[in-house]
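Engineer: just a sequence and a predicted model for now, questions to come.
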Amino acid sequence: MNAKNVPRLLLAGLGLAWAGSACAGQSLEQVRYALYKDPSADVGADLRALAERGDLAAKQLLGDVLAGSDAASRPQIIRLYQEAFADGHGQIPALASLARLLDRTPNLQRRYQAWMRQALTRYPNDLDPRSTSTSLEVFLVYPQLFAGNRAAELLALYEQSCLLYCRPELFHAVVAERQGDRVGAERWYQQAARIDPRAVDRYYRFLGAQQDNAFLAFARRLEPEMASLPVEIVQRIGALVDNIHAVTRAELDAEREQRLGDAMGPKVEPTPEQKARDQANDKLRADGIAEAQRWLDHAVARGYLPALVSKANFMISNPTEHNAEQTQALIAQVRAKEPTRAKALEASFYMVNNWLTLDPEKALGLIDELIDAHYPEAQLLLGDLYSKGGLDQPDQERALRIWQQQAEQGSTAAWYRMATVHLRGRAVCHDPVKAYTYARIALDLGETRARGLLRRLDKTLPKDDIARALAARGDLLKEASL
């Protein structure tokens, strides 16, 4: 071989290798770097290719990406985590990712408890910092699987070995709660709620019977610290505050509806006392909305995508209090970060009857594009369009058929939509027992908005009807394998 041709041949070989690598997609390290630069980077195809070749770390990361974007069904994500864990011979942290996913879905927690119990026996729970932190993540979701002082022992090891990004506060809170130390648990929960988004909801549940008033008091004390809190915490607190006030609004609505129902017949002017009560309730409603929006607006100002989406949805749902121009400007901010999510918001935007921008045909065109792109909530939007009568007269039956199909595939939002239609619908759709059934399933699957609807029905439905609804819920969950 001519020596002067060697560099050229080497370069040609490197070029072929580079071309082969380019065809194969990004490596796992390149994917991780892309996500580091942009957490919403489109890396799904690269991760799927790596996962199909048996890369267990890629399977775990693909599960994390899908869990964060709601782009796949929960069973699919769970399967990825289980495969990545590989019965304790693969990615041990995949068990922690699975625990975090199950933490958001109470019904799935029960379904996978036996599997998680077995998984804990497949690796040394305290071999190194990675296995110890994984075990503690499982403890947060399944504390009953850790006997005696085992969780406290693991926590001590975690604090001794953790060097970077150490967050023991939530672990301390749950350990203290399990030990019956409610004073210590509350102190740790309040510390954890300032740094760990998961602690916000957990602290709320810990507060028990007085949780609404107690959490609102905590949020009000925390409000002056809003600017120093992580934006995820601000968003989570705002969402929970809004949910609490939504429950109050639902109770006020139920009370007013019951009073009006009792006054059927000739129109009777409300008494001064009733007028005063209605005015007080209206102020309570407005103050609650304003309190939640202060948190949400702060997260919006910091450009946090979930807050931008939540705010846009709130404006679309309350068109008399907002205008189309403001909403379009917010959707434009979402489009710059996640175009597909913005397209879904636009579809909802063009269904708003109160604005001159109403354009059902344009909404349908956007929905068709989302369906072609396999956007997970596209069918839900199509159901919304039929339910609202955007293309003709309202077709609740067609909307329900669409949502039923999505519900059977695990969509929590579909269960909630069906509950709402059966509560507020007319004629054949009006069925409060079904509304209770579907709302309870939605709550079991992690849809916190269903709390308000259930609280409202608890005040109006007879106990026998609630019992029938709960029995039907159990049957439907078994049929759908949720």
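Structural biologist: Yes, it's here. Because the structure is predicted, anything quoted here is derived from the model rather than measured.

Engineer: if we ignore the residues flanking it in sequence, what's nearest Ala399?
Structural biologist: Ranked by Cβ to Cβ, 6 or more residues apart in numbering and with sequence neighbours excluded, the top spatial neighbour of Ala399 is Ser387, at 3.8 Å. C-beta coordinates here come from the backbone N, C-alpha and C atoms, glycine included.

Engineer: and stretch 110-124, what's buried?
Structural biologist: Residues of stretch 110-124 classed as buried by neighbour count (16 or more other Cβ atoms under 10 Å): 112, 116, 119-120, 123.

Engineer: likewise stretch 394-409?
Structural biologist: Residues 394-396, 399-400, 402-404, 406-407 are the ones in stretch 394-409 that count as buried (16+ other Cβ under 10 Å).

Engineer: isn't the residue nearest to Ala399 up against Thr420?
Structural biologist: No - with contact defined as Cβ atoms under 8 Å, Ser387 does not reach Thr420; the gap is 9.3 Å.

Engineer: please say which of the two ends up with more neighbours.
Structural biologist: Set Ser387 next to Thr420 and count neighbours by other Cβ atoms under 10 Å: Ser387 wins out with 23 against 19.

Engineer: now render the buried residues of stretch 394-409 as JSON lines, adding secondary structure and pLDDT.
Structural biologist: Output for the buried residues of stretch 394-409, formatted as JSON lines (DSSP: H, G, I helix; E, B strand; the rest coil; pLDDT from 0 to 100):
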{"residue": "Pro394", "secondary structure": "coil", "pLDDT": "80"}
{"residue": "Asp395", "secondary structure": "coil", "pLDDT": "85"}
{"residue": "Gln396", "secondary structure": "helix", "pLDDT": "86"}
{"residue": "Ala399", "secondary structure": "helix", "pLDDT": "91"}
{"residue": "Leu400", "secondary structure": "helix", "pLDDT": "92"}
{"residue": "Ile402", "secondary structure": "helix", "pLDDT": "94"}
{"residue": "Trp403", "secondary structure": "helix", "pLDDT": "93"}
{"residue": "Gln404", "secondary structure": "helix", "pLDDT": "91"}
{"residue": "Gln406", "secondary structure": "helix", "pLDDT": "89"}
{"residue": "Ala407", "secondary structure": "helix", "pLDDT": "88"}
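
Engineer: re the thing from before, pull the most distant pair out of the buried residues of stretch 110-124.
Structural biologist: Tyr112 and Tyr123 (17.0 Å; Cβ to Cβ).

Engineer: give the contact list for the residue nearest to Ala399.
Structural biologist: 394-396, 399, 417, 421 (Cβ atoms under 8 Å, 6 or more residues apart in numbering).

Engineer: out of the residues you listed, which is nearest to Asp55?
Structural biologist: Among the contacts of Ser387, and counting by Cβ to Cβ, the member closest to Asp55 is Arg417, at 37.7 Å.

Engineer: that closest one and Leu380 touch, don't they?
Structural biologist: Yes - the criterion here is Cβ under 8 Å, and Arg417 meets it with Leu380 at 6.7 Å.

Engineer: any residues in contact with both of these two?
Structural biologist: Shared contacts of Arg417 and Leu380, defined by Cβ under 8 Å, 6+ apart, comprise Trp403.

Engineer: can you check the pLDDT for Arg426?
Structural biologist: With respect to pLDDT, Arg426 scores 58.

Engineer: the one 5 residues further on now?
Structural biologist: The predicted structure scores Asp431 at 88 on the pLDDT scale.

Engineer: out of the buried residues of stretch 394-409, flag the one nearest to Leu35.
Structural biologist: Gln406 (28.4 Å).

Engineer: residues contacting the closest one?
Structural biologist: Contacts for Gln406 (Cβ under 8 Å, 6+ apart) come out as 379-380, 383, 413-414.

Engineer: for the residue nearest to His322 when sequence neighbours are not counted, what is the enclosing helix or strand?
Structural biologist: In this structure, His322 finds its nearest non-sequential neighbour in Met315, 4.1 Å apart by Cβ to Cβ, 6+ apart. Element membership of Met315 [criterion: DSSP states H and E] is helix 305-317.

Engineer: likewise for His172?
Structural biologist: Counting by DSSP H and E, His172 is part of helix 169-178.

Engineer: next one: Asp46
Structural biologist: Per DSSP H and E: Asp46 is located in helix 44-52.

Engineer: buried ones in the following helix or strand past that helix, by neighbour count?
Structural biologist: Using DSSP H and E, the helix or strand that follows helix 44-52 in sequence is helix 56-69. Across helix 56-69, burial judged by 16+ other Cβ under 10 Å covers 56-67, 69.

Engineer: mind putting those into JSON lines with pLDDT?
Structural biologist: Listed next are the buried residues of helix 56-69 as JSON lines, based on pLDDT from 0 to 100:
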{"residue": "Leu56", "pLDDT": "96"}
{"residue": "Ala57", "pLDDT": "95"}
{"residue": "Ala58", "pLDDT": "95"}
{"residue": "Lys59", "pLDDT": "96"}
{"residue": "Gln60", "pLDDT": "96"}
{"residue": "Leu61", "pLDDT": "95"}
{"residue": "Leu62", "pLDDT": "94"}
{"residue": "Gly63", "pLDDT": "93"}
{"residue": "Asp64", "pLDDT": "92"}
{"residue": "Val65", "pLDDT": "90"}
{"residue": "Leu66", "pLDDT": "88"}
{"residue": "Ala67", "pLDDT": "86"}
{"residue": "Ser69", "pLDDT": "67"}
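
Engineer: closest one of those residues to Ala472?
Structural biologist: For the buried residues of helix 56-69, the residue nearest Ala472 by Cβ to Cβ is Ala67; the value is 29.6 Å.
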